[in-house]
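Novice: Pasting the sequence and the predicted coordinates here, then a few questions.
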Amino acid sequence: MNQQNKLSLESYKGTRDFYPEDQFVQNYIFGVWRKVAEKYGYLEYNASILEEAALYKAKSGEEIVNEQTYTFIDRGGREVTIRPEMTPTVARMVAQKRKELAFPLRWFSIPNLFRYERPQRGRLREHWQLNVDMFGVESIGADLEIVSVAYDIMKAFGAKDESFAIKINSRKFLNFLMDTFLRLNGQQAHQISKLLDRMHKISGEDFIAQAKEILGDDSKVEALATITRIKNLDELPEEVKAHESVAELKSFLARMETLGIKNAIFDVSLVRGFDYYTGIVFEVNDTSPANPRALFGGGRYDDLVGIFGVEKVPGIGFGMGDVTIRDFLETYSLLPSYESIVDLYICKFDESFAGFASQLASDLRKEGINAAVDLTDKKVSAQVKTADRQKIPFVLVVGEEETKSNKFKLKNLSESKEIEVSREDLAKTIKSLES
């Protein structure tokens, strides 16, 4: 192979390689996700990464479908998309087996997702995401439980209330605001929604200027600006405050506080990008100046199952990505320290002791010890160095004395301490020192 055709050592742009220490953190994140979801009674499901492109064209939103999907024509002439999100897939699964399933459903999944977008901090082309969804419940109790799951996951990671805020809004409220209060046409409503979504990323002057360009009506611009300045639902204009969606939002926020969730706030700018949301929407945001961004979010989507031509099934859920959560954990020094899954590294003086070392490792594995044997012909000091570099906590060396006495010098590498242990006490000693 000539230099011109040399293969790249880099992973595909926007994706990651997971070396063991990276995978350790990833497994930790997945473990916390699973533990909390299962604590609430959610069952794990999965599906293929391939879906017909029509599924996303129906409900994901124009930006996702037109600009961010990996879509291709397969050998059978079908238009296929590598999934950019999981919610349409789980809705399809529910629609398919709706007559057989026992509602309400509590499901979760940890799929990997793909979007063709510009890689940046917190956003890559491939990521993994916890999806937590409930189907078959219309009451606000489902909304409260979903947000509670999200809150408890953050707490399970060690996050303090002041390190994240839960922003709350309602698509019902936004629709009323656009259609009835501001009397916008469809195109204006879409453009104003996009403007609200980026409101915190631009100056107040830019917001007003762009709103004027869209609406062309100073009275509507002023009415919109008034709404955006409001931090409390009680401050809304009377004709807005009287709408049922406001009462629902007030009740929702009050009930969250009774559950002990005190870092939730109303935010009129919270839109959420997907077209399928129909009710309460929420978003968890990092409050640190070092990482001021949305971490994840979700909401209610009561019409999504119905797009498959079957009766509607109410649904609500959220998706929490591994990239933003890892950034959050790093920002607050909450990442776990790497620990090798190998308990013991068995070194040998020379190849004549290889059989004994292998048998010792095999016996210890049966006693619950993860043991690895050095299979090289390196010097003992180099073998020990290998164990140390791989962060394996314990080593022992097998030589003539050990094979005769069945006693071993067990060394704790992190503390540079060494104790003599008999064969029968070896597994028990390692376990006690690790605990």
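Specialist: That came in fine, so what should we check first?
Novice: And stretch 132-145, what's buried?
Specialist: Judged by neighbour count using 16 or more other C-beta atoms under 10 Å, the buried positions of stretch 132-145 are 132-138, 140, 142-145. Yep, even glycine has a C-beta here, placed from its N, CA and C like the rest.
Novice: Please apply the same query to stretch 114-125.
Specialist: With burial defined by 16+ other C-beta under 10 Å, the residues of stretch 114-125 counted as buried are 114-115, 122, 124-125.
Novice: hang on, the earlier thing: is it possible to get TSV of the buried residues of stretch 132-145 that adds pLDDT?
Specialist: TSV is the format used below for the buried residues of stretch 132-145 (pLDDT from 0 to 100):
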residue	pLDDT
132	98
133	97
134	98
135	97
136	97
137	97
138	95
140	94
142	97
143	97
144	97
145	98
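Novice: Among those residues, which pair sits farthest apart?
Specialist: Across the buried residues of stretch 132-145, the longest distance by C-beta to C-beta is 17.9 Å; it joins 132 and 138.
Novice: since we're on the residue lying closest to residue 132 once chain neighbours are set aside, how many residues are nearby?
Specialist: Nearest residue to residue 132, sequence neighbours excluded (C-beta to C-beta, 6 or more residues apart in numbering): residue 108, at 4.7 Å. Residue 108 sits with 23 neighbouring residues when counted by other C-beta atoms under 10 Å.
Novice: sec struct for residue 108, please.
Specialist: For residue 108, the secondary structure call by DSSP: H, G, I helix; E, B strand; the rest coil comes out as strand.
Novice: my guess is it meets residue 41, correct?
Specialist: No - counting by C-beta atoms under 8 Å, residue 108 sits too far from residue 41 to count as a contact (10.2 Å).
Novice: list the contacts for the closest residue to residue 341 other than its chain neighbours?
Specialist: The spatially closest residue to residue 341, leaving aside those adjacent along the chain, is residue 370, at 5.7 Å (C-beta to C-beta, 6+ apart). If you count contacts by C-beta atoms under 8 Å, 6 or more residues apart in numbering, residue 370 has them with 341-344.
Novice: One more pass at 6 Å, please.
Specialist: With contacts taken as C-beta atoms under 6 Å, 6 or more residues apart in numbering, residue 370 has the following neighbours: 341-343.
Novice: So, low pLDDT: which residues of the stretch 151-300 of the chain?
Specialist: Within the stretch 151-300 of the chain, the stretches with pLDDT under 70 are 274.
Novice: quick one: the strands in it?
Specialist: Under the criterion DSSP state E, counting those that start in this stretch, the stretch 151-300 of the chain carries strands at the ranges 164-170, 264-266, 280-286, 294-300.
Novice: Deepest in the core, which of those is it.
Specialist: Neighbour counts averaged per stretch over the strands of the stretch 151-300 of the chain are highest for strand 280-286, at a mean of 24; criterion: mean count of other C-beta atoms under 10 Å.
Novice: distance between that one and the chain's centre?
Specialist: For strand 280-286, the distance from its own C-alpha centre to the chain's C-alpha centre is 14 Å (C-alpha atoms, centre = their mean, to the nearest Å).
Novice: Adjacent strands (with direction) for that strand?
Specialist: Pairing partners of strand 280-286, with direction, according to DSSP bridges: strand 164-170 (antiparallel), strand 294-300 (antiparallel).
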